[in-house]
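Trainee: Just a sequence and a predicted model for now, questions to come.
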Amino acid sequence: MPPTALHPLTFGLIAAIFGTAGAALAPQALAGLPPVLIIAGLIFLVGLAFAGFLWWLAARSFALLGQPGTTPEHIAALRDLPMGLPEGTVRAILALIVGVVGLPLLLFAAALNLSDAVAGYVNGIIAGVFGYYFGARATTPDAQANRRVAEALGQEQRAHETLRQNTATAIEAATAAATRPAREADAMARLERHLSLATELVENFGPAMPPGLLPAEAPAMLRRARDALDAARATPADLSRIAEATAALTGTSGPFATLLRLAAPLLPAAAAGGPLAGVALLLGLGWSLSAGAWRRWQAQLLEAPHDPSLFDPGAITPQEALARLTPIFAQALASLRDTPGFAADLLDMALRDDGAARIWARWGAGHFQNPAQVAAGLAEYRSALLAGEAAGDVSAEAIRSVTSALSSAAPALRAEPPDAETARALLTPTQGTPQQHAALQALTLLLGRLREARQDPMQLLREVTP
């Protein structure tokens, strides 16, 4: 068939595909061209048209990424789609290309002088593509339904999670608002306790202590704590400011913790839990004592002058009086140990205010070198008697009670319940520096003030970080 004999429907098909561009193609323009070139040109133009269409679709699809409502989930979903287009778009366009190109070729196979073999190939291609496309579409609804169900379940789960988080946040906020008054009261009470303790140490005991015993920044800590407390009383409490002031007083550089660390080396190393735990146990035992036992405990740690009221003569047996003889008396009076009534007479004279004069008058000339030796021996003997009485005041029950009360304190202050001998050894500090002894004496006096104010030192020890 000659080129000029192309069927007029061919030009109509071109115009239908390309619109005005196809209508502009006149038969005269195609005259002289082989049909194969015309078909190839048409196929090329169809391909360009569909490529442009795909580009436009992809541009529209990716424009969604710039929308304010686009979420990471949307971006992840687009990443899994061919060319970022909705599922099935590329498959549908490929089927359209085959249909738009292949169907006209079959319809006009005779006009285009296509052989039966070529027409068969085109028919097979069209049938295969359409069969696959519509076959895939037949199974797509189930897959789409499953996907939509999965998406719906995912959205529902996300909605539930968001609701749960919002509910938890609301409950937390409501709980915080409801408990804020109690938390404010607790924080202010804690600051008041440690401010009172630090004031006692810095302003009342501080002037009598050796220089450098308390931290140099202690006065500044007091000022900040008072300012925070005054501000909290005048306006809604600033919990962070209160907590900061409290942490300064209870921390390692606070006055109370500093004294605890200084006094710790004076205590026997055998104290369960270490020296710091020994200090805490010692203070706890002093707090638990009765009035008379407390006076003996205080007198021993402070190395106070002799006070006859600290002893109950009837409670000390002659055997105990002989067992507690110190080196000076034990050597000077060795020949009198077995004399009837010796122990009772020595104990009676030793507990009197003029005991040294009485002992010198009775046994001095034959047993002591001079009155000074008698006075030194009597001081040793009285200290041994006091230690024995004070040791008897420490019971196993009191030890267990104190260690239990300290179980929630800082690790350095906790102690496993020691045996009675170990606990009683805490009442006899070892030799140390003047600063260490001053720190222990300050803690002893502080405990006396706490007993008078009925303020439990166990609570203070549980809140401090030495």
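Mentor: Arrived safely. For clarity, every value in this text was computed on a predicted model and none was experimentally measured.
Trainee: The helix or strand encompassing A178 - contacts with which helices or strands?
Mentor: Using DSSP states H and E, A178 falls within helix 116-199. Under the contact criterion of 3 or more C-beta pairs under 8 Å, 6 or more residues apart in numbering; DSSP states H and E, helix 116-199 touches helix 89-107, helix 218-234, helix 239-250, helix 255-263, helix 457-463. (C-beta placed from N, C-alpha, C; glycine too.)
Trainee: for the record, mean pLDDT for it?
Mentor: Mean pLDDT, helix 116-199: 77.
Trainee: from now on call the first residue 23
Mentor: New numbering, starting at 23: the last item is helix 138-221.
Trainee: by how many degrees do it and helix 261-272 diverge?
Mentor: For helix 138-221 against helix 261-272, the angle by axes from the mean of the first three to the mean of the last three C-alpha atoms, to 10 degrees is 50 degrees.
Trainee: okay, the angle between helix 138-221 and helix 111-129?
Mentor: Interaxial angle, helix 138-221 versus helix 111-129 (the same axes, to 10 degrees): 170 degrees.
Trainee: thinking again about what came up before, I'd like the helices and strands packed on helix 138-221 as JSON lines, with distance to E222 and mean pLDDT appended.
Mentor: As requested, the helices and strands packed on helix 138-221 are exported to JSON lines (distance: least, C-beta to C-beta, whole Å; pLDDT from 0 to 100):
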{"stretch": "helix 111-129", "distance to E222": "83", "mean pLDDT": "73"}
{"stretch": "helix 240-256", "distance to E222": "11", "mean pLDDT": "91"}
{"stretch": "helix 261-272", "distance to E222": "12", "mean pLDDT": "92"}
{"stretch": "helix 277-285", "distance to E222": "9", "mean pLDDT": "94"}
{"stretch": "helix 479-485", "distance to E222": "11", "mean pLDDT": "93"}
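Trainee: ranking those by burial, who's on top?
Mentor: helix 277-285 (a mean of 23; mean count of other C-beta atoms under 10 Å).
Trainee: Summarise which helices and strands that one is packed against.
Mentor: Under the contact criterion of 3+ C-beta pairs under 8 Å, 6+ apart, helix 277-285 touches helix 138-221, helix 261-272, helix 297-310, helix 456-475.
Trainee: if we compare those, which one ends up closest to S423?
Mentor: Evaluated over the helices and strands packed on helix 277-285, closeness to S423 peaks at helix 297-310, with 6.4 Å, by C-beta to C-beta.
Trainee: what's the burial count for the closest residue to A432 other than its chain neighbours?
Mentor: Nearest residue to A432, sequence neighbours excluded (C-beta to C-beta, 6 or more residues apart in numbering): T487, at 5.2 Å. Using other C-beta atoms under 10 Å, the number of residues around T487 comes to 15.
Trainee: Do me a favour and get the backbone dihedrals for T487.
Mentor: phi -120, psi 90 (degrees, to the nearest 10).
Trainee: so who does it touch?
Mentor: T272, G273, T274, A279, A432 (C-beta atoms under 8 Å, 6 or more residues apart in numbering).
Trainee: possible to save the helices and strands packed on helix 138-221 as a markdown table with distance to A372?
Mentor: Listed next are the helices and strands packed on helix 138-221 as a markdown table, based on distance: least, C-beta to C-beta, whole Å:
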| stretch | distance to A372 |
| --- | --- |
| helix 111-129 | 111 |
| helix 240-256 | 43 |
| helix 261-272 | 45 |
| helix 277-285 | 30 |
| helix 479-485 | 34 |
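Trainee: nearest to G300, of the ones you listed?
Mentor: helix 277-285 (9.3 Å).
Trainee: I'd like to check the angle between that closest one and helix 456-475, please.
Mentor: Compare the direction of helix 277-285 with that of helix 456-475 by the same axes, to 10 degrees and you get 130 degrees.
Trainee: can you list contacts of helix 277-285?
Mentor: Here helix 277-285 has contacts from 216, 219-220, 223-224, 235-237, 240, 243, 271-273, 298, 301-302, 457-458, 461-462, 464-465, 468, 482, 486-488, using C-beta under 8 Å, 6+ apart.
Trainee: Helix 240-256 and that one, what's the angle between them?
Mentor: Using the same axes, to 10 degrees: helix 277-285 against helix 240-256 is 150 degrees.
Trainee: hey, C-alpha coordinates of helix 277-285 in PDB?
Mentor: The C-alpha coordinates for helix 277-285 follow below in PDB (Å, rounded to 0.1, in the frame of the first residue of the first chain):
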ATOM      1  CA  PRO A 277      29.300  21.500 108.600                       C
ATOM      2  CA  PHE A 278      27.700  18.300 110.000                       C
ATOM      3  CA  ALA A 279      29.300  16.000 107.400                       C
ATOM      4  CA  THR A 280      32.700  17.700 107.900                       C
ATOM      5  CA  LEU A 281      32.600  17.000 111.700                       C
ATOM      6  CA  LEU A 282      31.600  13.400 111.100                       C
ATOM      7  CA  ARG A 283      34.600  12.900 108.800                       C
ATOM      8  CA  LEU A 284      37.000  14.600 111.200                       C
ATOM      9  CA  ALA A 285      35.900  12.600 114.200                       C
END
